[in-house]
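>>> predicted coordinates and the sequence they were generated for:
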Amino acid sequence: MSTLIPQQLVAAQQSSLEALFGLTNKAFEGFEQLVALNLQVGKAVLAENQEIVTKALSAGNPGALFALQASLSQPVAEKVVAYGRRVHEIVSGVQSEITAAATAQGQQFQRDAQGFVESLQKNTPAGSESAVAAWNSVLSAANATYESANKAAKQFVSSVSAVH
């Protein structure tokens, strides 16, 4: 038997590890974006609160204080909506990148597995057709499971995206 099959397995495992690390890096990039956004928002809120307290202390009368409070409610609501939108953009962006990478990896796995079975067919001795047929059966079941899981994941993502 040739060393082609073990080399294929090693290459497939290496490819899977590279994909895993790539997905992990994408997740960390998204986390970094969320942390940066929260730091930016935190700094802005602190500066705005300082300004509000300064205005409130210099208002002098309760009527001016109530007017100040009323004038601040609209910008706060707009900022909360903008913050939520930005969080959604970051999460959606990371999610779509991970989904695309996972789909590509799944398709590559299917091609590699098919190549593995074809290599088995070429390199197996006569009389081992039943073993190759078993591998083909396992591959077909794995492909069907992958397709089903991929479809369910896409439906879940679209339903979650529709809610937001």
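Right, received. Where do you want to start?
>>> next, give phi and psi for Gly127.
Comment: the main-chain dihedrals of Gly127 come out as phi 90, psi 0, following degrees, to the nearest 10.
>>> report the contact partners of Ser15.
Counting by Cβ atoms under 8 Å, 6 or more residues apart in numbering, Ser15 makes contact with Gln105, Gln108, Asp112. Where C-beta positions appear, they are placed from N, C-alpha and C, glycine not excepted.
>>> element containing the second one, please.
Assigning secondary structure by DSSP states H and E places Gln108 in helix 62-123.
>>> repeat for Ala142
Here Ala142, judged by DSSP H and E, is contained in helix 129-163.
>>> so what's the residue count around Val94?
For Val94, the tally of surrounding residues (other Cβ atoms under 10 Å) stands at 19.
>>> okay, now the unreliable bits of this structure?
Low-confidence regions of the chain, defined by pLDDT under 70, span residues 1-6, 8-9, 65, 120, 150, 153-154, 156-164.
>>> repeat the analysis, applying 90 as the threshold.
1-24, 26-27, 45, 47-79, 95-164 (pLDDT under 90).
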